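Colleague: show me the folded form of this:
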Amino acid sequence: MARKCFFSFHYKPDNARASQVRNIGVIEGNQPASDNDWESVTKGGDDAIKKWIAAQMSGRTCTVVLIGAETANRKWINHEIVKSWDGGLGVVGIRVHGLKNLQGLTSTAGANPFDFIGFGNTGKKLSSIVKCYDPGGSTSKDRYDWISTHLSNAIEEAVKIRNAN
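Modeller: The predicted model follows:
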């Protein structure tokens with residue numbers, strides 16, 4: 001049975017890359033917001049955005065952070081990671097900079113977003129616990145194939161890690 005996952009990613013530069021991962025079919029993901037829907041949500045301010053994120057996370061068991069060049073330390077990415085972890089969801093990072101966008105371009109690797117989130121009062125970063133995968137391969141197709149092959153196992157491992165912490 002496919003896990004139900006929430007996807008966290010930086011929309012503008014990585015939407016096409018995120019769509020590729022969502023369409024792999026090994027997990028059941030939340031429906032993406034259209035530009036118009038997202039615009040409506042953001043017009044309601046921070047409280048409306050938080051409410052929308054909470055609704056999207058409802059019933060999910062894991063958050064998959066799709067990491068592009070500019071994903072790390074963004075306000076809403078950080079919020080989604082913290083909300084996921086604090087809500088008991090598994091959390092895993094998958095780097096998507098090696099996947100082509102609609103223009104056929106790849107991007108550069110960004111920082112690990114879990115380096116910007118503390119783990120309770122331990123003084124540790126969440127990156128010391130949560131895994132961040134950099135798909136193998138030298139081409140966009142190779143990296144897509146790696147994600148397709150390993151995503152479900154990475155999600156299962158993330159849920160186990162969360163349950164143990």
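Colleague: which helices and strands sit right next to the top helix by length along the chain?
Modeller: Taking DSSP state H as the criterion, the chain has its longest helix at helix 140-164. For helix 140-164, the contact count by 3 or more C-beta pairs under 8 Å, 6 or more residues apart in numbering; DSSP states H and E identifies helix 11-22, strand 62-67, strand 90-95 as packing neighbours. For every residue, glycine as well, the C-beta is placed using N, CA and C.
Colleague: give the rounded mean pLDDT of the first one.
Modeller: Yep, that's helix 11-22 we're talking about. Over the span of helix 11-22, the pLDDT mean works out to 89.
Colleague: now the second one
Modeller: Strand 62-67 shows a mean pLDDT of 97.
Colleague: now render the helices and strands packed on helix 140-164 as a markdown table, adding mean neighbour count and distance to Lys51.
Modeller: Shown next, in a markdown table, are the helices and strands packed on helix 140-164 (neighbours: other C-beta atoms under 10 Å; distance: least, C-beta to C-beta, whole Å):
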| stretch | mean neighbour count | distance to Lys51 |
| --- | --- | --- |
| helix 11-22 | 18 | 18 |
| strand 62-67 | 26 | 17 |
| strand 90-95 | 25 | 21 |
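Colleague: among those, which is nearest Ile161?
Modeller: Closest approach to Ile161 among these (C-beta to C-beta): strand 90-95, 6.6 Å.
Colleague: find the nearest non-adjacent residue to Ala109, please.
Modeller: Counting by C-beta to C-beta, 6 or more residues apart in numbering, His97 is the residue found nearest to Ala109 once chain neighbours are left out, at 4.9 Å.
Colleague: so which of the helices and strands packed on helix 140-164 is nearest Cys5?
Modeller: Counting by C-beta to C-beta, and looking across all of the helices and strands packed on helix 140-164, nearest comes strand 62-67 at 4.8 Å.
Colleague: note down every partner strand of that closest one and its orientation.
Modeller: Each strand paired with strand 62-67, and its direction, by DSSP bridges: strand 4-8 (parallel), strand 90-95 (parallel).
Colleague: neighbouring contacts of the helix or strand that that strand is followed by?
Modeller: Remark: after strand 62-67, the chain's next helix or strand is helix 75-86, criterion DSSP states H and E. When contacts are defined by C-beta atoms under 8 Å, 6 or more residues apart in numbering, helix 75-86 is touched by residues 6, 8-10, 49-50, 53-54, 57, 62-63, 65, 71, 91, 113-114, 116-117, 126, 130, 162.
Colleague: give me the below-cutoff pLDDT ranges for the protein.
Modeller: In the predicted model, the chain carries pLDDT under 70 at residues 1, 25-38.
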